[in-house]
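Q: no FASTA, just this:
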């Protein structure tokens, strides 16, 4: 069965902290995505990766960076967390040429 | 302006009622997706459509490419159908990027 695992369901951090959100998929997928989800705005793409060490900016990359050192793992980094980064973060993966994305359960991040 | 618009934003129905959620888009697409998100966050794919109609159990999805419009219908709704339903479109790029609607919160009461 397909599995995308996000390391934390809930996180509380302080303003200015460096935050790491981890995502692991077990399907050998080439493409991985990080989204944030806010009420009334839906899911917005932060970054995606189409291969190891390859990354592309999405629609809202400011304040974020990513790392993909291994095919199965895609990390989202908040270099200096701010209160406007309080949100639900969702990771997804997709095989090359496949039809659908598979989503993790999400991490609800609160920045105080 | 979002290129994928859903309506209504919120919907409450009584068990057994027929539910319709609408999605309109303004960009060229290769496919349209309907997704379901239960409380707690996880998102699952319900349908992927590029034309016509698909049915799975009590769920029916239709798309009209000329009108750039899709509908998701839930027949004989049940409280377990309570969830956020999300419309998303893919433009056919090789990475499978999606653009999402804001979602429709559906609550089905017993």
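A: Everything's here; your move. None of the values given here were measured: they were computed from a predicted structure.
Q: tell me the contacts of residue 78?
A: I went with chain A, as the question did not name one. A:13, A:17-19, A:21, A:63-64, A:85 (Cβ atoms under 8 Å, 6 or more residues apart in numbering or on different chains). Every C-beta, even on glycine, is put in place using the N, C-alpha and C of the backbone.
Q: not quite, I wanted chain B
A: B:15, B:58, B:108.
Q: closest point of chain A to chain B, which residue?
A: residue A:106 (3.2 Å; Cβ to the nearest Cβ).
Q: ok, that residue touching residue B:41?
A: Yes: shown here, residue A:106 and residue B:41 form a contact pair, counting by Cβ atoms under 8 Å, at 3.2 Å.
Q: neighbour-wise, which of these two wins?
A: residue A:106 (23 against 19; other Cβ atoms under 10 Å in any protein chain shown).
Q: can you pull the contacts of that one?
A: Residue A:106 touches A:6, A:9, A:37, A:88-90, B:40-43, counting by Cβ under 8 Å, 6+ apart.
Q: closest one to residue B:72 out of these, please.
A: Using Cβ to Cβ, residue B:43 comes nearest to residue B:72 of the contacts of residue A:106, at 14.5 Å.
Q: in chain A, which residue is closest to the centre?
A: residue A:34 (3.0 Å; Cα atoms, centre = their mean).
Q: scan chain A for its longest strand.
A: strand A:42-51 (DSSP state E).
Q: tell me the bridge partners for residue A:31.
A: Beta bridges link residue A:31 to residue A:94 when assigned by DSSP bridges.
Q: give me the contacts around the longest strand of chain A.
A: A:30-38, A:55-61, A:64-66, A:68, A:71, A:74, A:76, A:90, B:2, B:4, B:86, B:88, B:94-95, B:97-98, B:100-103.
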